[in-house]
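> sharing a model prediction with you, sequence too.
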Amino acid sequence: MNAPLTTQQSARLAADSIPEGRLASPWAADFPILARPVRKRRLSYLDNGATTQKPRAVIQAMEAFYEQSNANIHRGVHWLSQHATDLYEQARERVGTLLNTPDSQDVIFTRGTTESINLVAQTWGQSLQPGDEILVTGMEHHSNIVPWQLLCERTGAVLRHARITDTGELDLDDFRAQLNPRTRLVGLAHVSNALGTVNPVADLVRLAHEAGALVLVDGAQAVAHAPVDVQALDCDFYAFSGHKLYGPTGIGALYVRGSILGSLPPWQGGGDMIRTVSFEGSTWASGPQRFEAGTPNIGGSIALGAAIDYVLSIGLDRIAAHEAALLDDATERMRELPGVRLIGTARHKAGILSFLVDGIHPHDLGTILDTEGVAIRAGHHCAMPLMSHFGIPGTARASFALYNDGRDIDALVAGVRKAQKLFGV
């Protein structure tokens, strides 16, 4: 990931070739849902960390597949099956382009980040022995904690975590101290879903590799916000979800380093992941097909490819600049409000603003904001250990996307002020 932009660089780049208006987005018109009112108000959708809205190009790609190209893939000899197969494999190539993989055959389609991590835990994880260790960070999503806990219960391995600081950054000294010859794998978020903290992944991968450990990166909150290059990061596994990248739900991808992919045992058994089957035994397909048993989400994969085409046509650097300007503006505006406490003030952040308002529960705040047409997330954000670190049950979280603009921030601030007035705080 590129070095974070300064506030001045962000504001200057975000202002290039966009409509007039504070932090206006030239891409909002691509998203049909943003034209509908909510609670008789203009929709300010700031729950992008949970899922993003879909551009017309993605919706049309899904519709076009089922109208013109629907067939099962890989096994059919007829033209329509071969055509659908080509579209599916082209989508895999688009994922490879997005992540800059050495080979698109290093990409496995999954239902999303959660399934990708479970796939690694249940295939690579079979090699763990009692006393082996898995190291995660204190800011991980439950999806990068619970699969490892289940694996440790099965194998006798031990799950450890590296602490975070009060600003929401990884404690690098503690991370180094936790690494040892027993560490087999490090699981870490590229960007924290609850705080927006951008971790120095390449440096952490280097440290882990020096200790002899593999590294899995949860990229769910990263791929839509800045360029990702798995070769530069040098990670062994990289997972993301399509629905956080302007694509459909129920589709995602897992990059596996080629030298590791070939050694992984199958995960689920069924059609398309086999080479031969007899009652005496079976042999397995090579490459990613070994992990894609049954009929996959063909339409979702193709629509994910369309989502990747969409963001790459804009340019992820340009998207990152626009969102950085939004985050800078929202942070400054919220800091001006009395009684507002920001949670997660790391030096390098991406697209997420978590906060608390004195005297108002986050759920109550989210409900009041909803009456103003502002959609945020309120709760622990599937990061309960992180919330325990800060001694809080949860936060209100505003998360930004390329279609947000200054009006969304204005609505957020006005909604918080309304809530404070209603609660008398």
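Right, received. Where do you want to start?
> mind checking how far L369 is from T276?
58 Å (C-beta to C-beta, to the nearest Å). Heads up, the C-betas are built off the backbone N, CA and C, glycines and all.
> higher neighbour count, the two?
Neighbour count, other C-beta atoms under 10 Å: between L369 and T276, L369 has more, with 24 against 9.
> is it true that that one touches R377?
No: the pair L369 / R377 is not scored as a contact, 10.5 Å apart, by C-beta atoms under 8 Å.
> dump the residue contacts of R111.
The contact partners of R111, by C-beta atoms under 8 Å, 6 or more residues apart in numbering, come to 250-252, 297.
> now, those that are in helices?
Among the contacts of R111, no member falls in helices (DSSP state H).
> which of these sits closest to F237?
Checking the contacts of R111 against F237 with C-beta to C-beta, the nearest one is G252 at 12.7 Å.
> report the secondary structure state of the residue nearest the centre of the chain.
When C-alpha atoms, centre = their mean is applied to the chain, the residue found nearest the centroid is A220 (1.1 Å). The three-state assignment at A220 reads coil, by DSSP: H, G, I helix; E, B strand; the rest coil.
> quick one, grab the pLDDT at it.
pLDDT, A220: 98.
> which parts of the stretch 251-400 of the chain are helices?
Listed in chain order, the helices of the stretch 251-400 of the chain (DSSP state H, counting those that start in this stretch) span 258-261, 298-314, 316-335, 362-371, 384-390.
> run the chain-centre distance for the longest one.
On the basis of C-alpha atoms, centre = their mean, to the nearest Å, the separation between the geometric centre of helix 316-335 and that of its chain is 18 Å.
> give me every residue that touches G247.
Shown in contact with G247 (C-beta under 8 Å, 6+ apart): 54, 58, 300, 303-304, 306-308.
> which one (most neighbours) among those?
The residue in the contacts of G247 with the most neighbours, by other C-beta under 10 Å, is L304 (32 neighbours).
> who's in contact with that residue?
Per C-beta under 8 Å, 6+ apart, neighbours of L304: 91, 94-95, 242, 245, 247-248, 251-253.
> just W27 next, same as before
55, 314, 402-403.
> go on, L159?
So L159 contacts 133-134, 136, 145, 148-149, 152 (C-beta under 8 Å, 6+ apart).
> now for this protein, the helix or strand with the poorest mean pLDDT.
Lowest by mean pLDDT, DSSP states H and E among the helices and strands of the chain is helix 7-14, with a mean of 39.
> heading toward the C-terminus, what's the first helix or strand past it?
Going down the chain from helix 7-14, the next helix or strand is strand 44-45, by DSSP states H and E.
> name the residues that touch the following helix or strand past that following strand?
Downstream of strand 44-45, the first helix or strand assigned by DSSP H and E is helix 56-64. Residues outside helix 56-64 that contact it (C-beta under 8 Å, 6+ apart) are 30-32, 246-248, 299-300, 302-303, 305-307, 309-310.
> give me the number of residues near H190?
25.
> now it, nearest residue through space, not along the chain?
A222 (3.8 Å; C-beta to C-beta, 6 or more residues apart in numbering).
> show me what contacts the one you found?
Contacts of A222 were listed using C-beta under 8 Å, 6+ apart, and they are 1, 190-191, 198, 228, 240, 350.
> quick one on the thing from earlier: from the contacts of L304, pick the one nearest L327.
Nearest member of these to L327, counting by C-beta to C-beta, is L245, at 18.4 Å.
> quick revisit: Serialize the contacts of L159 to CSV and add fields for distance to D272.
Below are the contacts of L159 laid out as CSV (distance: C-beta to C-beta, whole Å):
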residue, distance to D272
E133, 35
I134, 30
V136, 32
I145, 31
W148, 28
Q149, 31
C152, 31
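> low-confidence ranges in the stretch 1-150 of the chain?
Within the stretch 1-150 of the chain, the segments meeting pLDDT under 70 span 1-20.
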